[in-house]
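J.: Turn this into a model:
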Amino acid sequence: MLNEKLIAPETGEDASGQASVHRAVARTLPVVSTSGDAVADLREAILAKLAYAIGKTPQNARERDWFAATALALRDRIVDACMANGESVPNKRVYYLSLEFLIGRLLSDAMNNLGLVETTRAALRDLGVDLDTVEGAEPDAALGNGGLGRLAACFMESMASLSIPAIGYGIRYDHGLFRQSLEDGWQKEAPETWLAEGNPWEFVRPEATYTIGFGGHVTMSAVSEGVIRRHWHPAETVQAVAHDVPVVGWRGRHVNTLRLWKAEAEAPVELARFNGGDHIGAVAARSRAEAISRVLYPSDSSDSGQELRLRQEYFFTSASLQDLVRRHAAERGDLRTLPDHAAIQLNDTHPAIAVPELMRLLLEDHGFNWEDAWHVTTNTLGYTNHTLLPEALETWSVELMERVLPRHMQIIYLINWMHLEEQGRHGRADAAQLASVSLIEEANGKRVRMGHLAFLGARRVNGVSALHTDLMRSTVFKDLHALDTDKIVNKTNGITFRRWLHNCNPELTRLAVEAVGAGVLDNPELLTGLADHASDASFQDRYRSMRRARKEALARVVVERTGVTIDPSSLFDVQIKRIHEYKRQLLNVIETVALYQAIKAEPHRDWTPRVKIFGGKAAPSYVQAKLIIKLACDVARVVNDDPDVAGRLKVVFLPNYSVSLAEAIIPAADLSEQISTAGMEASGTGNMKLALNGALTIGTLDGANIEIRDHVGADNIFIFGLDAAGVQARMNEPDYAGAAIAASPRLAAALDLIGTGGFSPDDPARFRPIVDSLVHNDRYLLTVDFEDYWRAQRAVDTAWNDPAAWWRSAILNTARMAWFSSDRSMREYAAEIWRVRVA
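T.: Numbers count the residues shown, from 1 in each chain. Next up, the predicted model:
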């Protein structure tokens, strides 16, 4: 951790870069200091890092070198902030286990939270270097995929800002997810090289290295009369080496740690084999070990891919538990007090193996009996569920588990046996009911239900929006909920305003400070004061001018990355998220086609100029999602080249969506597409970021959209489609898709144009699978919701053409989003789940 013999040697490494998304204007928040001494001190610190850590002079330094030197200088100041807080042992820590941490670029976060934005700008300017260019040289840390990882990053920042002692645990992926490019509209994946030149933010901790086992066998021994101990003898071991990234809170008042594990072999090379001529075989064990932390979410379409995913999940979970158990033993001695001083939060089912792993550590390494180990485990763990989709609630085949983690499978069997015996003692012996609550699913081959395992092992289980939590109780965990009706609680997601308002929209932040005072920087609740200015014409003009500047900046990014020129005076209609059928990018594309056809049919109508902006990645093995990307790109090509719709409709798909790209898009968005099938999106956080920045939402009654509607007001959001109950009812009707298509000539015409090659003349049948899936198996009810979506989009057109009303609604969205701060989320977790005091 940062205050555990902190000062590690400088690595002298800078970070690899990627194409810069340049800031439109300078950040000038009122929290910064630009005194001459502060600027001079930082300038000299940057020069020192450039010389002694990077080994460069100002004359031969690259942009990446300036970034690394600046990051190292700021890291020293984070260390100073940490040391100023002392090394006292907190009464209780939060340990946040997540397979993803989508932290993005850290330079802007560090400068903003330390109050050094303008000091850094001035120091670099004195050296002839532009801060925006330096920021653009930092690569996005490729440690996550989407909302799950970005939520974890927001939570870590909020915990630091609230001075909640916390350590995040994850994997230090060499290449993360993947770098997306588009070749003729087809998604192509390449390794993300964010670590190619090192990471100046991190401290390597070789002293925090743990052995992780796989495979092997289990033996038994009698330790006393009637007491038998089991001993796991792994066939393979891997080393987990800690790399610490400091997470500094607002105004530098507190610093937490994100500890990421890198997988290494116990021996880098089998020297005897190498000297014997087997040069490749000599490093095979190293390659197998290092594969664990090589790539985020390797494809699980093969048996080996599934095994690698399981190895990843166990690797980081075991290392994290070993680390926190060691720390507690060193600080407190008695592991029976672990629940009093540690709260372990499992971010989704990926770390659910923590249940049997913590039991194993307590039973085998620390001599606990079963009852005491189970008490400690179930009073220390918490579990956040993020999905209701059956395919996303992880299960592992029993055969795989017995082969890779044989001791854990024994513990799972015993947990399950005791759990089912308990039901029998309470008169719940119905076979169907027992099957529904069992940890082992037997309907289609024996599989371990990791969601059920996390549920049983946690003190509290939480959903992430009010609707999602209600559906957890009534669907996926219905029978388990009936056994313990107090266990499931709701904790609606939130976002850190420091990143998603202060950093990515400094113009709007300045406007808020001028309108309601500088206190809004510390207390998001003060944003509500903007509502008093929502109808003020002069304030609307300033708000609109702010948006225009951001749209012009985004237009430059779009033309740089796609070659497509877009008009900033058009309505920017944005859908940016992971590509998945339930998120219904396809519904948006089909409505785009229908709109294109309508404009072609009536070219002289006064159509509202609109730019459709898409961004997101599809999983490499997700064929249908990749076909949807191709369709969006083909539609864009046809629409953008058609003079009949020029000036009224443009379509762009921005490749390689990332945190830094989101920071360019979100402040420029006018309309936020949150159109998932009701009941399938757990919460969403992109909806919150966009609404905070004044985009009006068009969405279904799904996830946090419902709570956003309740806060911003029904008049300031465009709701359409069936609700969750309506979705379930419609799914029980015969041929609902056919009926919906027959009732909608515009939908039928759009599908016909797509299915007959209207956007793929080189391959007329290319998109036939998409049309066929909608006609014969519309799992996500696009056809059913289409007409109401069309109606809502035309209501958007009408609203856009009344500027005073539109900008009033936009301002009210910003004003009324204060509740969605991740600070509020963390306070609720701290009080009601972790039982941690917030300073």
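J.: In the top helix by length along the chain, which residues are buried?
T.: Identified as the longest helix of the chain according to DSSP state H is helix 303-332. Within helix 303-332, the residues that qualify as buried by neighbour count (16 or more other CB atoms under 10 Å) are 306-325, 327-328. (Each C-beta comes from the backbone N, C-alpha and C, glycine too.)
J.: Now do that helix, average pLDDT.
T.: The predicted model assigns helix 303-332 a mean pLDDT of 97.
J.: Just the buried residues of the very next helix or strand once past it, please?
T.: With elements assigned by DSSP states H and E, the helix or strand that comes after helix 303-332 is helix 338-341. For helix 338-341, a neighbour-count test (16+ other CB under 10 Å) marks 338-339, 341 as buried.
J.: Also compute the angle for whichever helix or strand comes after helix 338-341 relative to helix 303-332, please.
T.: Downstream of helix 338-341, the first helix or strand assigned by DSSP H and E is strand 342-347. For strand 342-347 against helix 303-332, the angle by axes from the mean of the first three to the mean of the last three CA atoms, to 10 degrees is 160 degrees.
J.: What helices and strands are in contact with strand 342-347?
T.: In this structure, strand 342-347 makes packing contacts with strand 93-97, helix 147-161, helix 303-332, helix 354-360, helix 370-380, strand 381-384, judged by 3 or more CB pairs under 8 Å, 6 or more residues apart in numbering; DSSP states H and E.
J.: What is the fourth one packed up against?
T.: Packing contacts for helix 354-360, counted by 3+ CB pairs under 8 Å, 6+ apart, involve helix 303-332, strand 342-347, helix 370-380, strand 381-384, helix 406-425, helix 450-457.
J.: now it, how far from the centre of its chain.
T.: What separates the centre of helix 354-360 from the centre of its chain is 26 Å, taken as CA atoms, centre = their mean, to the nearest Å.
J.: Check the first one too.
T.: Counting by CA atoms, centre = their mean, strand 93-97 is centred 17 Å from the centre of its parent chain.
J.: again, but for the longest one
T.: Relative to the centre of its chain, helix 303-332 is centred 20 Å away, using CA atoms, centre = their mean.
J.: the inter-axis angle of it versus helix 406-425?
T.: The directions of helix 303-332 and helix 406-425 differ by 80 degrees, with the same axes, to 10 degrees as the criterion.
J.: angle of helix 303-332 against helix 450-457?
T.: Angle between the axes of helix 303-332 and helix 450-457 is 20 degrees (criterion: the same axes, to 10 degrees).
J.: Can we start the residue count at 40 from this point?
T.: Renumbered: residue one is now 40, and that last one reads helix 342-371.
J.: can you state the direction angle for helix 342-371 and strand 132-136?
T.: Interaxial angle of helix 342-371 relative to strand 132-136 (the same axes, to 10 degrees): 170 degrees.
J.: between helix 342-371 and helix 409-419, what angle do the directions make?
T.: Using the same axes, to 10 degrees: helix 342-371 against helix 409-419 is 90 degrees.
J.: Mind listing what's buried along whichever strand or helix holds V286?
T.: With the criterion set as DSSP H and E, the secondary-structure element containing V286 is strand 275-287. For strand 275-287, the buried set under the neighbour-count rule, 16+ other CB under 10 Å, comprises 275, 277-287.
J.: do you know how far the nearest residue to H380 once chain neighbours are set aside is from E370?
T.: Ranked by CB to CB, 6 or more residues apart in numbering and with sequence neighbours excluded, the top spatial neighbour of H380 is K131, at 5.1 Å. Taking CB to CB, to the nearest Å as the measure, K131 falls 11 Å from E370.
J.: Now the common contact residues for these two.
T.: With contacts defined as CB atoms under 8 Å, 6 or more residues apart in numbering, the residues adjacent to both K131 and E370 are H380.
J.: mind checking how far stretch 542-555 is from the chain centre?
T.: Put simply, stretch 542-555 sits 25 Å off its chain's centre (CA atoms, centre = their mean).
J.: Send me it as CSV with only the CA atoms.
T.: As requested, C-alpha coordinates have been extracted for stretch 542-555 and formatted as CSV (Å, rounded to 0.1, in the frame of the first residue of the first chain):
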residue,chain,number,x,y,z
ASN,A,542,-12.7,17.4,-15.8
CYS,A,543,-14.6,16.7,-19.0
ASN,A,544,-16.8,19.9,-19.0
PRO,A,545,-14.9,22.7,-17.4
GLU,A,546,-17.0,25.3,-19.2
LEU,A,547,-20.2,24.0,-17.6
THR,A,548,-18.4,23.7,-14.3
ARG,A,549,-17.4,27.4,-14.5
LEU,A,550,-21.0,28.3,-15.4
ALA,A,551,-22.3,26.4,-12.3
VAL,A,552,-19.7,28.0,-10.0
GLU,A,553,-20.7,31.5,-11.3
ALA,A,554,-24.4,30.7,-10.9
VAL,A,555,-24.5,29.0,-7.5
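J.: Name the residues that touch that stretch?
T.: Counting by CB under 8 Å, 6+ apart, the neighbours of stretch 542-555 from elsewhere in the structure are 64-69, 147-148, 151, 540-541, 559-560, 565-566, 568-569, 572, 578, 581-582, 585, 588-589, 701-703, 705-706, 732-733, 853.
J.: ok, and for that stretch, which residues are buried?
T.: By 16+ other CB under 10 Å, the buried positions in stretch 542-555 come out as 542-552, 554-555.
J.: and what of stretch 605-620?
T.: 605, 607, 609-620.
J.: Any chance of the residues you listed in CSV with secondary structure as columns?
T.: Supplementary listing: the buried residues of stretch 605-620 in CSV, determined by DSSP: H, G, I helix; E, B strand; the rest coil:
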residue, secondary structure
I605, coil
P607, coil
S609, coil
L610, strand
F611, strand
D612, strand
V613, strand
Q614, strand
I615, strand
K616, coil
R617, coil
I618, coil
H619, coil
E620, helix
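J.: May I have the phi/psi pair for A482?
T.: With angles defined as degrees, to the nearest 10, A482 sits at phi -70, psi -40.
J.: if I look at it, how far off is L459?
T.: Applying CB to CB, one obtains 16 Å for the distance of A482 from L459.
J.: More neighbours: those two, which one.
T.: Using other CB atoms under 10 Å, the more surrounded residue of A482 and L459 is L459, with 17 against 7.
J.: Would you agree that one is in contact with I479?
T.: No - checked against CB atoms under 8 Å, the pair L459 and I479 is beyond contact range at 9.7 Å.
J.: For R116, give its distance to P204.
T.: Summarising the geometry, the distance separating R116 from P204, computed by CB to CB, is 20 Å.
J.: So I206: helix, strand or coil?
T.: I206 - assigned by three-state DSSP - is strand.
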